[in-house]
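Student: below is the sequence, then the predicted model.
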Amino acid sequence: MRSDVVKKGIPAAPNRSLLYALGYTKEELERPLIGVVCSYNEIVPGHMNLDKIADAVKAGIRSAGGTPVEFPAIAVCDGIAMGHVGMKYSLVTRDLIADSTEAMALAHQFDGLVMIPNCDKNVPGLLMAAARVNIPTIFVSGGPMLSGTLNDGRRTCLSHMFEAVGAYYAGKLDETGVEEYENNACPTCGSCSGMYTANSMNCLTEAIGMALQGNGTIPAVYSARLRLAKHAGMKVMELVEKNIRPRDIMTPAAFHNAETIDMALGCSTNTMLHLPAIAHECGIELSFDMANEISEKTPNLCHLAPAGDTYMEDLDRAGGVYAVMAELAKKGLIDTSLLTCTGKTIAENLSGVVNRNPQIIRPIDNPYSKTGGIAVLKGNLAPDGCVVKQSAVAPEMMVHQGPARVFNSEEEAIEAIYAGKIVAGDVVVIRYEGPKGGPGMREMLNPTSAIAGMGLDKDVALITDGRFSGATRGASIGHVSPEAASGGPIGLVEEGDLISINIPNHSITLEVDEATLAARKARWVCPEPKIKTGYLARYARLVSSADRGAILE
C-alpha cells in the first residue's frame, strides 16, 4: 500500500506514534488509508450539509475495509461574494484548493481519496488536484438545492432573486416584492437550483467518469444523496484495489465527452474556464476552437434555469445526466467505451437507462436547437476568443449591432445601469476585470441581472474580459481574450464605437478601422494594478489568459 511508508516497519515508528495519538488502532492502520476531502463550512449554503455527506462516505469506506481520514478544503459562496471585492477571491480559490489538497494528499501518503465538493470553484479545484495527485479517487457532491415557490405558486431560484433587484431599480417591483424573492429563492441547503456553475461542474464530474450516477442531480435534502455517498465510499476501495486512477479515466476522449454533454445540458460558460484547467493537469490541452466544433454537431437537449423554467430536481426525475448521455449515445456523439469510476465502461453504466421525461430532456431528434449551449466568438475585439451561453440568449439578440458603453470596472457599469443610463440597443463593455486586470476575473451577475430585471435582456448586450455566473442569461459575452490589462483590443474600445455580434457565425467585431485602432494602441497605457499586495497580486503575476483556462504558470 502507498500508505505503508507511514505505517510499517521500524523507520515508520515515529509516524505510527502520531497516528496512534489520533486514536487510530493497529487494526485500522493495517487497512488502506483513504483521505476524505470535505469542503464543509458554515458560510456556503451548498456546503452546510457536507459534514453529513462525509459521515456517509466514511461509513462506506469502513464497510468496504478501509480507514477514512478526513481533512478540509475551502470554498467560497459566489452569491455572497457577488458585487464587491469578495468576488475577486472566487476564481482564485480554485488554485488554492488544488494546491492545498495536493499538499495534504502527498504529505500523508493516502492510498485513495474521496472528494466532497459542491460549489463553483470547489469542484474544479478538487478535480485539478485529483489529476495532479493521480491516486485512486472518486467524487460525491453535496447535491443541488430544491427550487423555491413564490406566494402565487410560481417556482423561483437565485437568478430570479438577482433579477428582482434590477426590477426594483426599474420601478417594476417594490420592496415587499423583493423581500418575497429573498425569502423563497433559496429554500434548502445545496448548490443553487438551476444549471449554474456548481451544478454544471457536478454534472460534468459525473459525465467525465469521476462520480457515480446521480452525483450532479440528486437533491441535497434527499436521503438518496446519503446512500450515494456511502456507495462512493465503498467504490473507492474497489478503485484502490484495481489501481484505477484519475488519469486512467480523464483521457482526451473523456474531455471530448464532457464538452459534448456540456453542450447538450446547456451548462455555465464557466465550464470553458474549468475544463481546460482540469485537462491541463492531466497533460491535455483543450482549445477554444474545440468547443465550437463540438457545439456544431451537438444538439441542446435541456433548458434548465436560467435558460428555462425547469430545475435540477426535474432533471433528476427525468433520469439525470445518464439519461442525457443515453440520448447522445443514440447518435454516436459520445464515446461509450471509456472507463469510469464504477470500474465499468460508459456503455455498461448506461445499460437500462431511459429518458423518463422528454419535456425536461428533449429526445435527440427533437432538441431545443441543433447546436450546443455554448458558443465561442472570435474577431478583432477578441482575437483569441470569447464565450457566450447561446442557449440562454433571446432569438432577437443572436445578431446585434450597437454603440459601445464603456466602463473600466463592474462598479462603474452597475451604477450606470441602476441610474437608467443604459438604453435599448446599447452594448455594455466592462473591462479590466480579467484574470490579471481584476485581478481574479469577477463574475458579472449583478450587471446582467439588472439588465434582465429591467426588461432589457432582449435589447442590450454585455461584453467583458471578466466572466459570468451560470445564473446569467441574455447576450452576455465573457472571457474576452486577450484581456484589457494584457493589451487586448477590448482596452481600445471608446464610447460610441459600433460593435457587431453574430452568434450563429461565431463572430464579434469592433467596427473601427485598423489604422485608428493602431493609433489608439500606440497611446494606450496599462493602468496601475488595482491590487498590489497579497495573494491577488501574486495571482495576477502568474495567471494565464481566460482562453487557456486562467491557469497559473
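Tutor: Sure, I can see it. Small disclaimer: the values here were computed from a predicted structure and weren't measured.
Student: contacts and neighbour counts: CA atoms only from here.
Tutor: Fine.
Student: just the CA atoms of the helix or strand where Val324 lies, as CSV, please.
Tutor: Counting by DSSP states H and E, the element that carries Val324 is helix 320-330. Extracted in CSV, the C-alpha atoms of helix 320-330 (Å, rounded to 0.1, in the frame of the first residue of the first chain):
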residue,chain,number,x,y,z
GLY,A,320,-30.3,12.8,-14.8
VAL,A,321,-27.0,13.1,-16.6
TYR,A,322,-27.1,9.5,-17.6
ALA,A,323,-30.4,10.0,-19.5
VAL,A,324,-28.8,12.9,-21.4
MET,A,325,-25.8,10.7,-22.2
ALA,A,326,-28.1,7.9,-23.4
GLU,A,327,-29.7,10.3,-25.8
LEU,A,328,-26.3,11.4,-27.1
ALA,A,329,-25.2,7.8,-27.4
LYS,A,330,-28.1,7.1,-29.8
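Student: tell me the buried residues in it?
Tutor: By neighbour count on 16 or more other C-alpha atoms under 10 Å, the buried set for helix 320-330 is 320-329.
Student: now the strands for the chain?
Tutor: Under the criterion DSSP state E, strands of the chain are mapped to 33-38, 67-72, 112-116, 137-139, 148-149, 155-156, 375-379, 382-388, 399-407, 427-430, 461-464, 476-481, 498-502, 507-510.
Student: now mean pLDDT and mean neighbour count too, for those, in TSV please.
Tutor: Putting the strands of the chain into TSV (pLDDT from 0 to 100; neighbours: other C-alpha atoms under 10 Å) gives the following:
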stretch	mean pLDDT	mean neighbour count
strand 33-38	98	26
strand 67-72	98	19
strand 112-116	98	29
strand 137-139	98	29
strand 148-149	98	18
strand 155-156	97	20
strand 375-379	97	26
strand 382-388	97	25
strand 399-407	98	20
strand 427-430	98	27
strand 461-464	97	27
strand 476-481	97	28
strand 498-502	98	20
strand 507-510	98	21
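Student: Throw these into JSON lines and include distance to Gln213, thanks.
Tutor: Listed next are these as JSON lines, based on distance: least, C-alpha to C-alpha, whole Å:
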{"stretch": "strand 33-38", "distance to Gln213": "20"}
{"stretch": "strand 67-72", "distance to Gln213": "22"}
{"stretch": "strand 112-116", "distance to Gln213": "15"}
{"stretch": "strand 137-139", "distance to Gln213": "11"}
{"stretch": "strand 148-149", "distance to Gln213": "25"}
{"stretch": "strand 155-156", "distance to Gln213": "26"}
{"stretch": "strand 375-379", "distance to Gln213": "28"}
{"stretch": "strand 382-388", "distance to Gln213": "29"}
{"stretch": "strand 399-407", "distance to Gln213": "39"}
{"stretch": "strand 427-430", "distance to Gln213": "40"}
{"stretch": "strand 461-464", "distance to Gln213": "36"}
{"stretch": "strand 476-481", "distance to Gln213": "31"}
{"stretch": "strand 498-502", "distance to Gln213": "38"}
{"stretch": "strand 507-510", "distance to Gln213": "37"}
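Student: compare those strands and give me the one nearest Met263.
Tutor: Among the strands of the chain, the nearest to Met263 by C-alpha to C-alpha is strand 375-379 (9.1 Å).
Student: what packs against the closest one?
Tutor: Secondary-structure packing of strand 375-379 (3 or more C-alpha pairs under 8 Å, 6 or more residues apart in numbering; DSSP states H and E): helix 288-297, strand 382-388, strand 507-510.
Student: who wins for proximity to Tyr89 among those?
Tutor: Nearest of the helices and strands packed on strand 375-379 (C-alpha to C-alpha): strand 382-388, 21.5 Å.
Student: gap between the two ends of stretch 446-466?
Tutor: 13 Å (C-alpha to C-alpha, to the nearest Å).
Student: distance from it to the middle of the chain?
Tutor: Once both centres are worked out by C-alpha atoms, centre = their mean, to the nearest Å, stretch 446-466 turns out to sit 20 Å from its chain's centre.
Student: try stretch 86-106
Tutor: 14 Å.
Student: avg pLDDT for it?
Tutor: Regarding stretch 86-106, the rounded mean pLDDT is 97.
Student: swap in stretch 158-170?
Tutor: Across stretch 158-170, the per-residue pLDDT values average to 93.
Student: put the alpha carbons of it into PDB.
Tutor: The C-alpha coordinates for stretch 158-170 follow below in PDB (Å, rounded to 0.1, in the frame of the first residue of the first chain):
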ATOM      1  CA  LEU A 158     -31.400  32.600  -7.200                       C
ATOM      2  CA  SER A 159     -31.200  34.100 -10.700                       C
ATOM      3  CA  HIS A 160     -34.700  35.400 -10.200                       C
ATOM      4  CA  MET A 161     -33.600  36.900  -7.000                       C
ATOM      5  CA  PHE A 162     -30.800  38.900  -8.600                       C
ATOM      6  CA  GLU A 163     -33.100  40.000 -11.400                       C
ATOM      7  CA  ALA A 164     -35.700  41.200  -8.800                       C
ATOM      8  CA  VAL A 165     -33.100  43.800  -7.700                       C
ATOM      9  CA  GLY A 166     -33.000  45.100 -11.300                       C
ATOM     10  CA  ALA A 167     -36.800  45.100 -11.500                       C
ATOM     11  CA  TYR A 168     -36.800  47.200  -8.200                       C
ATOM     12  CA  TYR A 169     -34.500  49.800  -9.700                       C
ATOM     13  CA  ALA A 170     -36.600  49.900 -12.800                       C
END
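Student: can you list contacts of that stretch?
Tutor: By C-alpha atoms under 8 Å, 6 or more residues apart in numbering, the list of residues contacting stretch 158-170 from outside reads 173-175, 177-178, 181-182, 185-186, 192-193, 305-306, 418-420, 445-446, 449-455, 471-472.
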